[in-house]
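A.B. asks: could you look at this predicted model? Sequence included:
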Amino acid sequence: KNFGIDKAFKELGLEHENKGTSVGTDFFANGETIESYSPVDGALIGKVQATTEADYQKTIETAHKGFLEWRKWTAPARGEVVRQFNDELRRLKEPLGKLVSYEMGKSYQEGLGEVQEMIDICDFAVGLSRQLHGLTMHSERPGHRMYEQWHPLGVVGIISAFNFPVAVWSWNTALAWVCGDACVWKGSEKTPLTSVACQKIAARVFEKNNVPAGVSSLITGDYKVGELMTNDKRIPLVSATGSIRMGKIVAQAVAKRLGKSLLELGGNNAIIVTPDADIKNTVIGAVFGAVGTCGQRCTSTRRLIIHDSIYDKVKNAIVDAYKQIKIGNPLDENNHVGPLIDQDAVKNYQHALEKVEAEGGKVLVEGGVLEGEGYESGCYVKPAIAEAENHFEIVQHETFAPVLYIMKYSGDVENALELQNGVVQGLSSAIMTNNLREAEKFLSAEGSDCGIANVNIGTSGAEIGGAFGGEKETGGGRESGSDAWKVYMRRQTNTINYTTELPLAQGIKFDL
Ligand code: UN1
């Protein structure tokens, strides 16, 4: 009746009351109790006790000790542990996907998709464990060899958000572990049970392989426990995913102690629809991008920039498509859209709709909070569309909800690009066109200023194989594929003299 949630809890080893701090399989916590309510039905799913400052100190000390041992393991041996962790993810894909769906509210399909991202990044990391290449350079001095090595960095702090409560952790950890780092994770206090479930899976596998305690660690709580990490000199890298506001606070705190931060912050992602666009694919890409995950992806489509010659046609097709959207319990596979995460998110959604009208926008698809049977949690809202102008304050701002702004451009694709790039965020972008010139212009140096630029695909749903992140106030960090692993290691340049002389670089003479 409750879509197998009890069974999922059992399979994941979750209790009604859980401890939210862990170094390996040792779970402890002495802080306040966080209650996790499901946005799906408003039920209290379980409780997680938060991390106190003393718990935090114990965690970091253990993680650091663990790192000192872990860095001596060979990278392929570390990869073998990640491979076994991945076997467990494959085995537990359904219960974990279900828990993600129930605690966060995204559709079950998307919950499974998120666990699939974890599986994929682990596969990637296992292969990487036999690579982690450095370059060999030619020395300017005779009889010298110069090369570079990548060494483990230390304890990596990971701060992740509620919307991808498991995948973002794994993008960081899977890479950081094969790189030889210990990871301390602060998940969102809105999704504490998924964090505990993930840590349990990792800790079991790590213990079986005699991985030192602390290489996978969990801390739980609000921003205050995150602050302990950002100010902590023992943590050379803090990877943070969340709002621009949070990212600015983290970046300043970490920079103050000259640590490194990897920031993956807000987006304001647009799809440009040119006269040469395939309308059918545009509609699918735009609608999935705008309403998928109830508009709570950092890659969600927020703006559609449509050429005036096809504006009415595209607008009508999208408005029609919105009529087909089924909103309801995300564990019921007939529904496309589940709830927002909580009441605060509902307020932000309502505020955006009021504000866009106040600024002169025109609502095309009416929003509203759903009431009645099945909607008791009060978090179900109708995806909305408004005609708006790019300079509106509300359009410039990322609202984490299914509100899509549509606008016109005329003339060349340059005009669309100006609108697209005319926001402070720079995460994801897309163009729908079968015109080679437009597509190449969009991808050129004069084109999209975002970290992700797609042709004939929507803005969301990036694969793990590419580097993920964006420019400007999105924070500049890159996670996941390509060479994103380098941020989790320290680079060392080595020069070796195998002669009996000591020639100096730059031709300097220094005779004694
Ligand atoms: C996020 O919303 O924080 O590209 C991550 C996507 C997903 C990840 C989104 N692969 O939509």
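C.D. replies: Sure thing, it's come through. Numbers count the residues shown, from 1 in each chain.
A.B. asks: wait, Ala345 touches His351, no?
C.D. replies: No - using CB atoms under 8 Å as the test, Ala345 is too far from His351 to be in contact (10.6 Å). In short, each C-beta sits where N, CA and C put it, glycine included.
A.B. asks: of the two, which one has the most company?
C.D. replies: Looking at Ala345 and His351 with other CB atoms under 10 Å, you find the greater number of neighbours at Ala345, namely 23 against 14.
A.B. asks: would you say the more buried one is within a helix?
C.D. replies: Yes - counting by DSSP: H, G, I helix; E, B strand; the rest coil, Ala345 is located in a helix.
A.B. asks: pLDDT score for it?
C.D. replies: In this prediction, Ala345 carries a pLDDT score of 98.
A.B. asks: let's number from 168 now, not from 1
C.D. replies: Right, with 168 as the first residue, what we last looked at is Ala512.
A.B. asks: what's the distance between it and Thr229?
C.D. replies: Distance from Ala512 to Thr229, counting by CB to CB, to the nearest Å: 35 Å.
A.B. asks: go on, Ser406?
C.D. replies: According to CB to CB, Ser406 and Thr229 sit 20 Å apart.
A.B. asks: ok, Ser355 next?
C.D. replies: Remark: distance between Ser355 and Thr229 (CB to CB) = 23 Å.
A.B. asks: neighbour count for Ser406 and Thr229, which is higher?
C.D. replies: The residue with more neighbours, out of Ser406 and Thr229 and counting by other CB under 10 Å, is Ser406; that gives 28 against 22.
A.B. asks: so the more buried one touches Ile326, yeah?
C.D. replies: Yes - if you go by CB under 8 Å, Ser406 and Ile326 touch, sitting 7.1 Å apart.
A.B. asks: now Gly505: closest residue in space, sequence neighbours ignored.
C.D. replies: Once flanking residues are discounted, Gly505 sits nearest to Pro497: 3.0 Å by CB to CB, 6 or more residues apart in numbering.
A.B. asks: what residues does the one you found make contact with?
C.D. replies: Val207, Ser268, Gly272, Lys273, Ser274, Tyr275, Glu277, Gly278, Val504, Gly505, Pro506 (CB atoms under 8 Å, 6 or more residues apart in numbering).
A.B. asks: likewise Lys549?
C.D. replies: Residues counted as contacts of Lys549 (CB under 8 Å, 6+ apart) are Ile494, Val532, Glu533, Gly534, Gly535, Val536, Leu537, Pro569.
A.B. asks: correct me, but the first one touches Tyr547?
C.D. replies: Right, Ile494. Yes - proximity of Ile494 to Tyr547 meets the contact threshold set by CB under 8 Å, at 5.7 Å.
A.B. asks: which residues of this protein lie near the ligand?
C.D. replies: When proximity is defined by CB under 6 Å from any ligand atom, the chain lies next to the ligand at Glu284, Asn330, Phe331, Val335, Thr408, Arg464, Cys465, Thr466, Ser627, Gly628, Ala629.
A.B. asks: of these, which belong to strands?
C.D. replies: Among the residues of the chain next to the ligand, the ones falling in strands (DSSP state E) are Thr408.
A.B. asks: what ranges does the stretch 518-667 of the chain have for its strands?
C.D. replies: For the stretch 518-667 of the chain, applying DSSP state E, counting those that start in this stretch gives strands covering 529-532, 551-554, 570-576, 592-593, 595-599, 619-622, 634-635, 638-639, 646-647, 656-664.
A.B. asks: using CSV, write down the CA coordinates of whichever helix or strand Lys415 is part of.
C.D. replies: Lys415 belongs to helix 411-423 when assigned by DSSP states H and E. Presented in CSV, the C-alpha positions along helix 411-423 are these (Å, rounded to 0.1, in the frame of the first residue of the first chain):
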residue,chain,number,x,y,z
ILE,A,411,24.4,30.8,-4.9
ARG,A,412,23.9,32.4,-1.5
MET,A,413,25.3,29.4,0.2
GLY,A,414,28.1,29.1,-2.2
LYS,A,415,29.3,32.6,-1.6
ILE,A,416,29.4,32.0,2.2
VAL,A,417,31.3,28.7,1.7
ALA,A,418,33.8,30.2,-0.9
GLN,A,419,34.7,33.1,1.4
ALA,A,420,35.2,30.9,4.5
VAL,A,421,37.3,28.4,2.6
ALA,A,422,39.3,31.1,0.8
LYS,A,423,40.1,32.8,4.1
